[in-house]
Structures are given as structure tokens and as C-alpha cells.
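Colleague: for reference, the sequence and a predicted model appear below.
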Amino acid sequence: MEEPTIQLAYALDTFYFLVSGALVMWMAAGFSMLEAGLVRAKNTAEILTKNVALFAIASIMYMLIGYGIMYPAGGNGIIPEINWTFMFMDATKDNAVDAVLASDGDLYYSGLSDFFFQVVFVATAMSIVSGAVAERMKLWAFLLFAVIMTGFIYPVQGYWKWGEGFLHTLNFQDFAGSGVVHLCGASAALAGVLLLGARRGKYGKDGSINAIPGANMPLATLGTFILWLGWFGFNGGSQLVVSNISDANAVAGVFVNTNMAAAGGLVFALITARLIFGKADLTMALNGALAGLVAITAEPLTPTPLAATLIGGVGGVIVVFSIIALDKLRIDDPVGAISVHGVIGMWGLIAVPITNGAAGIVPQLIGLVTIFAWVFITSLIIWLLIKLTMGIRVSEEEEYEGVDVGECGLEAYPEFVGSRGGGI
């Protein structure tokens, strides 16, 4: 390429990367609204505090150590040689904007834009944990776990795939993170939930399952739409470049398939809920849309729009049965995060070979098991250490009054009667 053309491509791809990262950052608002809508009013301020704080923690920890682990100077494919230099980059110096070689070996973009795009992904993984442990976990125990999760647990398995570690060498395919991001977050959440236990009143001694409705369905619906929008940056930005005809067409295909999978997931989940419950369940519909998005994230480029709709649709069906099954197993997940991001993350990885001829089912299963085992085991150890030292669950009185009061000293809706101690 001629020099002016390279500079134009560099500027365009860097700008596209940054805008995509901003869309993914907007997903933090989506998770906040979704979770605030699906918990009870007395726990709203605390869930919002967790979401805004975890994003800040993720940004700092990924800068200090996470990025250097995930994209190291070297390594043996399993253990990276940590690159400590990133945090000292000066944006006014040439070495801070060294071009990063893109996937086709021809186009370039800013290394700082790559960091920004990656840091919002690690925050997304941690956001998944927030909803699953809602309404009964200590705020500072959660934030301490966020430090370890975003600084170490997530980056190691991210290195194995996106940092060109051993999963990359095995030809494990995960375009935008059904496994690296979503299964990772859900695995950490599952470990925490198993140690934490269910909310009081959720399961009866007689084996009954008691519904604990969320406080604000409009807010949950808004959160879903925000996540749906942000996902275009999540998947579309993972194409990395947009400055040539081939990649521009690929980005357009990724956008279309991402949208169609969400639509398929919602419709199929809504129909499934109607057949099972006899009613149109809004929460299942919302989780169906998110399930479709998670399902297509592993491979949003190769399917046709119809195939993407069906992949998302299968995810929508699976997520309904998964949420029901986890309840029967007495695994209390207030927002359905483990089902949406974990079970459907697995489905997304398994579905890749259906449309991508370069993928094989064996590498996909190896990647799936590796990510789950690493994140679940390390998270279980960290959660257990936190439980033994500072504790992870609030007192019975605090849970009854609401963690807003006990953990944050305020209520999200102070004018409304019944927010303190309201509900089950």
C-alpha cells in the first residue's frame, strides 16, 4: 500500500475499533438496567453500585496486569511471559501508537485502541457474575473477587485463545467470545452461587420453588435493548478492521447475523414459554434474546441470516429449559445469567462447525471444557478464600431489609412504601 492509503486505513480502522469499544462499554449500562429490573426494589442501589464499580476495577486491573497476561511478550502457549510495559505507554510518544498487525497481515490500527476494545470485554465477563449473585452477597466480597477475576482469571484463558496460546494452536474457534467472555463469566458465577446459597424464601423445605419477581420490568426490557445494541460493537468490532471491501462486507454480515440471532432467540423462547407455562413470559423472552446473542457470538460471520436465526432460536429454546432445570437443582440465579451466558455459551461454541468448515467439534469441545474447568476451579478457590476470611453473604436481617440499606446505606426508591423489607 502507498503511504497515504496506509495512513487512511490506519485512521479508519482505529476509529472503528474505538467506536465498537464504546458500544461494548454501553453494554455495562444494559447489564445495570437488566439486573436492576430483575431484582427486588430493596436491592437496586447495591446492584447498580456493583456494576459501576466493577467496570472501574476491570479497567484498572486489566491495565496493570490483565492485558500483559492476555497479550504477552512471549510464552509457551499455556503460561505467558507477562508484558509489563503497557501501563507505562505515553499516548504522545510513537511507541504508544505502534501499529498492531491485523488478521489479514496488511492493515493496521492503534495499539491503544486494541487495549480499549479488550478492556470492555473483560468488564462484560465480570458483569455476568453480578446478576447471578444478586440480593445476598456482600458488596466488598464481590469487588475483591472482581480484582482477581479481571486481573488474572479472565486474562489467562483469554491468552490461551486470543493471545495465540494453545487453544489457538488447536484451532479452537471463538470469534467474539461465546467461550472466552460469556462461558468464562458464567463459570465464575456458578462457583460463587454454589458457595453462596439461594436467597431466603426461594426454595421451600417441601421442595417447592417460589417465584421472586423483579421490581421493574420496563427497566429490564430497556436493559435488554441496550445490550442488543451494544452487541453490534461486541461482534462487529471483533472483525478488527473495516477499511477494505472484504472486511466491510464481513462487518455488515456480522451485524445482520447478530440481529437475526437475537430475534430468533426471543421468538423461540417466547413460544417455548407459552407452550410450557400457558403464558407469554416477558423474562423468558428477554433472556431468549440474550441467549440468541450469546449463541451467535462464537461465529457470527459464516452463517447465512436464516442459519443465524435458527442458531439463536435453538439458544432461545435451550435457555428456557436451562433456567427451569437450575431452579429444580436449587441453584438460585435471580437473572438467569448462568443459563444465558454459560449454557448458551456452550451451545454457541458447539454450533460453530455447523456453518464454519474450518472448525472441528473436537477442538471446540476441548476449548469449552478448558475454559469452564479453569475458570470454575480457580473461581471456586478464590470465592472459598474470601468466604473463610471476610465472608461472602450478608446477614439474615440485612437480606430481609435489603442489601441497599446494609451495604450502601441508602435506598433506590425511598419514596415508595415497602422498598425496605418488602418482598419475600
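Modeller: Happy to help now that I have it.
Colleague: give me the low-pLDDT residue ranges for the stretch 301-424 of the chain?
Modeller: 416-424 (pLDDT under 70).
Colleague: who's in contact with residue 147?
Modeller: When contacts are counted by Cβ atoms under 8 Å, 6 or more residues apart in numbering, residue 147 touches 57, 61. C-beta here means a position set from N, CA and C on the backbone, and glycine is covered the same way.
Colleague: again, only using 10 Å
Modeller: Going by Cβ atoms under 10 Å, 6 or more residues apart in numbering, residue 147 touches 54, 57, 58, 60, 61, 64, 126, 382.
Colleague: and which of those residues is nearest residue 285?
Modeller: Of all the contacts of residue 147, residue 285 sits closest to residue 126, with 25.6 Å by Cβ to Cβ.
Colleague: how many residues are close by the residue nearest to the closest one when sequence neighbours are not counted?
Modeller: Spatially, and ignoring its direct neighbours in sequence, residue 126 is nearest to residue 54 (4.8 Å; Cβ to Cβ, 6 or more residues apart in numbering). Using other Cβ atoms under 10 Å, the number of residues around residue 54 comes to 26.
Colleague: mind listing what residue 54 touches?
Modeller: 28, 31, 122-123, 125-127, 129-130, 142-143, 145-147, 149-150.
Colleague: gap between it and residue 48?
Modeller: 11 Å (Cβ to Cβ, to the nearest Å).
Colleague: with residue 122 instead?
Modeller: Residue 122 is 20 Å from residue 48, by Cβ to Cβ.
Colleague: those two: which has the busier surroundings?
Modeller: residue 122 (29 against 19).
Colleague: wait, a strand at the more buried one?
Modeller: No - residue state for residue 122 (DSSP: H, G, I helix; E, B strand; the rest coil) corresponds to helix; a strand is not indicated.
Colleague: distance of it from residue 312?
Modeller: 25 Å.
Colleague: same thing with residue 170?
Modeller: 26 Å.
Colleague: can you check residue 374 too?
Modeller: Residue 374 is 27 Å from residue 312, by Cβ to Cβ.
Colleague: so what sits against both of residue 54 and residue 48?
Modeller: Shared contacts of residue 54 and residue 48, counting by Cβ under 10 Å, 6+ apart, come down to residue 130.
Colleague: buried ones in stretch 197-204?
Modeller: 198, 199, 202, 203 (16 or more other Cβ atoms under 10 Å).
Colleague: contact partners of it?
Modeller: By Cβ under 10 Å, 6+ apart, stretch 197-204 touches 39-40, 43, 134-136, 208-212, 327-328, 330-334, 392-393, 396, 399-400, 423-424.
Colleague: doesn't residue 331 belong to a strand?
Modeller: No - under three-state DSSP, residue 331 sits outside any strand and is assigned coil.
Colleague: so what's it up against?
Modeller: Residue 331 touches 132, 190, 193, 194, 197, 198, 203, 325, 338, 339, counting by Cβ under 10 Å, 6+ apart.
Colleague: narrow the buried residues of stretch 197-204 to those in strands?
Modeller: Of the buried residues of stretch 197-204, none are assigned to strands by DSSP state E.
Colleague: which two in the residues you listed are spaced the farthest apart?
Modeller: So, these by Cβ to Cβ: farthest apart are 199 and 203, at 8.9 Å.
Colleague: ok, back up a step: which one's more surrounded, residue 170 and residue 312?
Modeller: Per other Cβ under 10 Å, whichever of residue 170 and residue 312 has more neighbours is residue 312, with 34 against 18.
Colleague: now the more buried one: how far from residue 270?
Modeller: If you go by Cβ to Cβ, the gap between residue 312 and residue 270 works out to 13 Å.
Colleague: what is in contact with these two at once?
Modeller: 288, 289.
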